[in-house]
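Chemist: next come a sequence and a model predicted from it.
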Amino acid sequence: MSLFRVLFAIIFPPIAVIDKGCGSVLIIFLLTLCGWIPGVIGALVILNNPKS
C-alpha cells in the first residue's frame, strides 16, 4: 500500500480501489453511502489484500 492509496482511502474510498475491479468499487461505494467509516475500513481491507 502506498501513502497516496491510503490517503485516497481516507478521503474518498471508491477512488482508492478503482483498479481492483467493478465489484470492489461498487461494494466500497455502497459501504461509503452507509457511512464514511465502513467505506474507509472496507477500502483499507481491499488494499491490504495480498492476493491482488
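Modeler: Arrived safely, thanks for sending.

Chemist: tell me the contacts of the residue nearest the centre of the chain?
Modeler: For the chain, Ala43 is the residue whose C-alpha lies nearest the centre (CA atoms, centre = their mean; 2.3 Å). Counting by CB atoms under 8 Å, 6 or more residues apart in numbering, Ala43 touches 9, 13-14, 16-17, 28. In this view, the C-beta of every residue, glycine as well, is placed from N, C-alpha and C.

Chemist: so how many other residues sit close to Leu33?
Modeler: For Leu33, the count of nearby residues is 10 (other CB atoms under 10 Å).

Chemist: one step back: and the one helix or strand the residue nearest to the centre of the chain maps to, what's buried?
Modeler: Counting by DSSP states H and E, the element that carries Ala43 is helix 36-48. Neighbour-count burial for helix 36-48 flags 39-40, 42-44, 46-47 (criterion: 16 or more other CB atoms under 10 Å).

Chemist: check stretch 15-34 too.
Modeler: 16-17, 20, 24-25, 27-28, 31-32.

Chemist: what separation do you get for Ile41 and Leu31?
Modeler: 8 Å (CB to CB, to the nearest Å).

Chemist: same deal with Ile37?
Modeler: 9 Å.
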